[in-house]
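[1] Quick check, what structure comes out for this input:
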Amino acid sequence: MIALAKTNLKDSKNIEVRKEDVFNLSFKEDSFDFIVMINVLHIIDNPKKALDECFRVLKKDGKLIVASYVYTTSVTGKFYQWLLGFSVCKSHSKWKENELTNILEENGFVVLEKQLIKS
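    Reported below is the predicted structural model:
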């Protein structure tokens, strides 16, 4: 994925693609205006520590955009949960929508907008 991102963004002047440890980012405090986390929080074993790091490196008015899998009790949702059991990336956290919102708020973030995309 990193190689593909580097190829696709090679002409971008203000984007650098690098691999980082989400639990110990190498950036200074207040470094970023935006952080995007897509399908990360539910597959790592310590999402609160990762969010602490994001909070640390975000500027005071910075934005964190999170897309993460949340669990539902619908038949389709249960089917997807079953399928995820065969995935290489196992889910460490199985949140419902409000639980993920609560974790973000507990880590100092203000949730400005949320959207549930149903499976």
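
[2] right, and Asp33 touches Gly62 too?
    Yes: when contacts are counted by CB atoms under 8 Å, Asp33 is listed as touching Gly62 (5.4 Å). No exception for glycine: its C-beta is placed from N, CA and C like everyone else's.

[3] Who has more neighbours out of these two?
    Gly62 (16 against 10; other CB atoms under 10 Å).

[4] OK, contacts around the more buried one?
    Contact partners of Gly62, counting by CB atoms under 8 Å, 6 or more residues apart in numbering, are Phe32, Asp33, Phe34, Ile35.

[5] Report the contact partners of the first one.
    The contact partners of Phe32, by CB under 8 Å, 6+ apart, come to Val57, Leu58, Lys59, Gly62.

[6] hmm, back to that, can you pick out the most distant pair from the contacts of Gly62?
    Pairwise distances across the contacts of Gly62 (CB to CB) peak at 8.8 Å, for the pair Asp33 and Ile35.

[7] what is in contact with these two at once?
    In contact with both Asp33 and Ile35: Leu58, Gly62, Lys63, using CB under 8 Å, 6+ apart.

[8] Which strand residues bridge the residue most central in space within the chain?
    Centroid check for the chain by CA atoms, centre = their mean gives Met37 as the closest residue, at 2.9 Å. Under the criterion DSSP bridges, Met37 forms beta bridges with Val66.
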